[in-house]
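> The following comprises the amino acid sequence and a computationally predicted model.
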Amino acid sequence: MSRTTGGDMGPLLEHDQLSKEMKEGSIFKGFQEAPIRFPPTYKFDSGCDVYDTTSKQRTPSYTDRILFRNRQADDIKVVKYSNCSGIKTSDHRPVIGVFQVKLRPGRDNIPLGAGQFDRGVYLEGIRRRINRELKRREAMKHQGSSSVCTIS
């Protein structure tokens, strides 16, 4: 940890198991991860920014990760990849990723497990879900309850 300076986590990442396995091609083939420029996200003492001070003295590590895969090089651009250092409710620090994604129009002839994609069935399903949700919200307006609690 003391060898890292100015957001360069290279000395730590040399020993990162996930990165090593991905480079060897043994796991998550075709996936990638944005450059890590934040300190390890695990093993903190709960409620503070101090790494494990228990008798176990666990090594800090990067356990919370975001991997992505794109078909073409410019389909996904990383806008932000960072840890959430302000959340201290566990021994992990969650990570956040913000991506700019290029969407391409779909096709209706993609074979699925149960047969061909049927756009009409798909759109009817969406219409029914929206109607069901609208009816549920309308019913909630006329009850003496909220989405947080219900009065029985």
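Structure's in. What do you need? Residues are numbered from 1 along each chain as shown.
> Next, name the residue at the spatial heart of the chain.
Centroid check for the chain by Cα atoms, centre = their mean gives I66 as the closest residue, at 5.2 Å.
> Can you list the residue ranges for strands in this structure?
76-83, 95-101, 111-112, 115-116 (DSSP state E).
> Can you spell out which helices and strands pack onto the second one?
Secondary-structure packing of strand 95-101 (3 or more Cβ pairs under 8 Å, 6 or more residues apart in numbering; DSSP states H and E): strand 76-83. Any C-beta I mention is one placed from the backbone N, CA and C, and that applies to glycine too.
> same question, the first one
Where contact means 3+ Cβ pairs under 8 Å, 6+ apart, strand 76-83 is packed against strand 95-101.
> On the pLDDT front, check the residue nearest to the centre of the chain for me.
If you check I66, the pLDDT there is 94.
> again with S147
55.
> Please apply the same query to Q116.
70.
> For it, give its distance to I126.
From Q116 over to I126 the distance is 18 Å, taken as Cβ to Cβ, to the nearest Å.
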